[in-house]
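Undergrad: Return a 3D structure for these sequence lines:
(one chain, ligands or ions: 1)
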Amino acid sequence: MDLNYPPEAEAFRTEVRAWLEENLPAGWGAPGHSMTADERASFSAEWTKRLADGGWICASWPAEYGGRGLSLMDSVVLNEEFARLNAPMRADFFGDTLVGPTILKWGTEEQKQYFLPKILSGEISWCQGFSEPDSGSDLASLKTRAGLDGDEWIINGQKVWTTQAQYADYVFLLARTNPEAPRHQGISYLLVPMRQEGIHVRPIAQVDGSAEFNEVFFTNARCPKDNVVGGVNNGWAVAMDTLGFERGTSATTGHRRFQKELDSIIAAAQRNGKSKDPLVRQGLAQAWSKVKIMQINGLRTLTSALNNDHSTTALGAMNKMYWSEYHRDTMNLAIDILGMEGQILTGGRASGAEEDEGDTEFMPGIGIRHPRPGYPVSVTQASFFFSRSETIWGGTAQIQRNIVGERVLGLPKEPKPAG
Ligand SMILES: Cc1cc2nc3c(=O)[nH]c(=O)nc-3n(C[C@H](O)[C@H](O)[C@H](O)COP(=O)(O)OP(=O)(O)OC[C@H]3O[C@@H](n4cnc5c(N)ncnc54)[C@H](O)[C@@H]3O)c2cc1C
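TA: Sure, this is the predicted structure:
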């Protein structure tokens, strides 16, 4: 395996690095660097504009739709450089990485012209309306229906787990548009405005006080007839692409956040003496090895994607299963290392000026989460709670195993219900 990137990619890396050095605040990333809440707010506002001016938002999109037409290799380099310095990529996760690329691939010219600039500018934020109370892993059993009434689709049904629905302007959802057709063939992919009478959003509060996902009820909700992506009753194929984007992002950068977090867990073990416990040492050594395996598997996935060798999807499934289970186990270990301290609320949010607003943080793969003000979980505790969900969202670990079993190992296909 040749681990060197081609010279053109390295030249591009130099360009990105120089831009970041010039544009990030002085001292960014240095030990002890911190910002007040006000500084952070003004940085976030200004940063989005700088990213847009620099052309770094959705830079892999074609230039005609506001991107830079970056190759896969250059996109990887861009992600790596931002991840190296922990520089925030502006992210409406659902717009930038899921529905945007889906519209690029499947949308009509009118949909591209209307939605893509608004995704780039952040004018429209999104949520994903796939899962329903009885349809998660078995998504094709979904029951939400849409029927045409003149120039509009009328939508009735319920979605659940809908992350950021309470903040979103639009939902990209799957609805059954031909109930008579076999179940994979009667589904359409619709772009539906959230702020309307027929949509009711009910946030679900979690144990750490945050409520980043919701139940969403549709009662004669409406969207224009033309807001169907990829053709009426063709939504299953379109949705499979969206899910592929969801599982496939950040192959070569994902390990960095785990390494950083592991470094802080090791430091905590050294501080409280748990690093002398042989079982803790073993657990930490295992975690360290797994982060290295993730790094190498990321390069393997990149090689597969560059060679277009058709194993990229299976590698994506394997990576999702591997990192999510790694993270769940490592956060269990982290809480064990903290001992009693891990059980009490030691986070900073209870004490300070940010209480009224609530702090926000970016969780890769999910987006911005808004913890409940006054409930001071620490960063480690928040990560521990959140890690419980990571083997579920974006396809459960068991479903990823099915994909690996069937597509990589060639095992017999799982029996499926008829239809
Ligand atoms: C934090 C979070 C955020 C989410 N955000 C969104 C969102 O924004 N939009 C959205 O549409 N959805 C979202 N989801 C939903 C997510 O996609 C589903 O939870 C997931 O697909 C699993 O579906 P389910 O919860 O219905 O579980 P089920 O499908 O009922 O599964 C229950 C258990 O059975 C196992 N199982 C099911 N089928 C099989 C099988 N064939 N073989 C082996 N084991 C199987 C599963 O692995 C699981 O352990 C989110 C979920 C979480 C936890």
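
Undergrad: Walking through the stretch 51-200 of the chain, point out its helices one by one.
TA: 72-84, 100-106, 109-121 (DSSP state H, counting those that start in this stretch).

Undergrad: pLDDT of the last one, averaged?
TA: This means helix 109-121. For helix 109-121, mean pLDDT rounds to 94.

Undergrad: The shortest one now?
TA: When pLDDT is averaged over helix 100-106, the result is 96.

Undergrad: coming back round to it: mind putting the helices of the stretch 51-200 of the chain in a markdown table, mean neighbour count and distance to the ligand included?
TA: To be clear about C-beta, it is placed using only N, CA and C from the backbone, and glycine gets the same treatment. Putting the helices of the stretch 51-200 of the chain into a markdown table (neighbours: other CB atoms under 10 Å; distance: least, CB to the nearest ligand atom, whole Å) gives the following:
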| stretch | mean neighbour count | distance to the ligand |
| --- | --- | --- |
| helix 72-84 | 19 | 22 |
| helix 100-106 | 20 | 14 |
| helix 109-121 | 17 | 17 |
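
Undergrad: you'd agree I265 is up against I335?
TA: No - between I265 and I335 there is no contact under CB atoms under 8 Å: 9.8 Å.

Undergrad: Compare these two (neighbour count), which wins?
TA: Set I265 next to I335 and count neighbours by other CB atoms under 10 Å: I265 wins out with 23 against 18.

Undergrad: which bits of the chain sit near the ligand?
TA: Listed as neighbours of the ligand in the chain under the rule CB under 6 Å from any ligand atom: 127-131, 136-137, 161-163, 213, 389, 392-393, 395-396, 398-399, 402, 414.

Undergrad: the strands in the stretch 201-350 of the chain, which residues?
TA: Under the criterion DSSP state E, counting those that start in this stretch, the stretch 201-350 of the chain carries strands at the ranges 213-224, 228-229.

Undergrad: re earlier: what's the overlap in contacts for I265 and I335?
TA: T380 (CB atoms under 8 Å, 6 or more residues apart in numbering).

Undergrad: Would you mark the buried spots in stretch 135-147?
TA: S135, G136, L139, A140, L142, T144, R145, A146 (16 or more other CB atoms under 10 Å).

Undergrad: Please apply the same query to stretch 277-291.
TA: V280, G283, L284, A287, W288, K290, V291.

Undergrad: For the second one, give its distance to T242.
TA: Which is G283. 36 Å (CB to CB, to the nearest Å).

Undergrad: Go through the buried residues of stretch 135-147 and name the one nearest the ligand.
TA: G136 (1.9 Å; CB to the nearest ligand atom).

Undergrad: next one: phi and psi at the closest one?
TA: Torsion angles at G136 (phi, psi; degrees, to the nearest 10) stand at phi -120, psi -90.

Undergrad: list the contacts for it?
TA: Here G136 is in contact with W161, T396 (CB under 8 Å, 6+ apart).

Undergrad: How much space separates it from G244?
TA: If you go by CB to CB, the gap between G136 and G244 works out to 18 Å.

Undergrad: cool, and Y326?
TA: Distance, Y326 to G244, by CB to CB: 22 Å.

Undergrad: So which of the two has more stuff around it?
TA: Counted by other CB under 10 Å, Y326 and G244 do not tie: Y326 has more neighbours, with 21 against 17.

Undergrad: ok, and the closest non-adjacent residue to that one?
TA: K290 (4.8 Å; CB to CB, 6 or more residues apart in numbering).

Undergrad: circling back: now render the helices of the stretch 51-200 of the chain as a markdown table, adding distance to R13.
TA: A markdown table is the format used below for these (distance: least, CB to CB, whole Å):
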| stretch | distance to R13 |
| --- | --- |
| helix 72-84 | 5 |
| helix 100-106 | 23 |
| helix 109-121 | 24 |
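
Undergrad: For L173, which of the ones you listed is the nearest?
TA: Closest approach to L173 among these (CB to CB): helix 100-106, 12.3 Å.

Undergrad: quick check: angle from the lengthiest helix in the chain to helix 72-84?
TA: Ranked by number of residues, the top helix in the chain under DSSP state H is helix 278-307. On the basis of axes from the mean of the first three to the mean of the last three CA atoms, to 10 degrees, helix 278-307 is oriented at 150 degrees to helix 72-84.

Undergrad: which helices and strands does helix 278-307 pack with?
TA: Packed against helix 278-307 by the contact rule (3 or more CB pairs under 8 Å, 6 or more residues apart in numbering; DSSP states H and E) you find helix 72-84, helix 254-272, helix 312-338.

Undergrad: again, only this time at 6 Å
TA: When contacts are defined as 3 or more CB pairs under 6 Å, 6 or more residues apart in numbering; DSSP states H and E, helix 278-307 sits against helix 254-272, helix 312-338.

Undergrad: Mean pLDDT for those helices - can I get that in a markdown table?
TA: Formatted as a markdown table, the helices and strands packed on helix 278-307 follow (pLDDT from 0 to 100):
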| stretch | mean pLDDT |
| --- | --- |
| helix 254-272 | 92 |
| helix 312-338 | 93 |
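
Undergrad: among those helices, which is the most enclosed?
TA: Of all the helices and strands packed on helix 278-307, helix 312-338 has the most neighbours on average by mean count of other CB atoms under 10 Å, namely a mean of 21.

Undergrad: Pull the distance from that helix to the chain's centre.
TA: 15 Å (CA atoms, centre = their mean, to the nearest Å).

Undergrad: Numbering from 622 from now on, please.
TA: Happy to do that; since the first residue is 622 now, the last one works out to helix 933-959.

Undergrad: Now do that helix: which elements does it pack against?
TA: Secondary-structure packing of helix 933-959 (3+ CB pairs under 6 Å, 6+ apart): helix 856-869, helix 875-893, helix 899-928, helix 1000-1011, helix 1018-1028.

Undergrad: tell me which strands and helices the shortest one is in contact with?
TA: Read it as helix 1018-1028. Judged by 3+ CB pairs under 6 Å, 6+ apart, helix 1018-1028 is in contact with helix 933-959.

Undergrad: now for the buried residues of stretch 756-768, which pair is the farthest apart?
TA: Greatest spacing in the buried residues of stretch 756-768, by CB to CB: G757 and A767 (20.0 Å).
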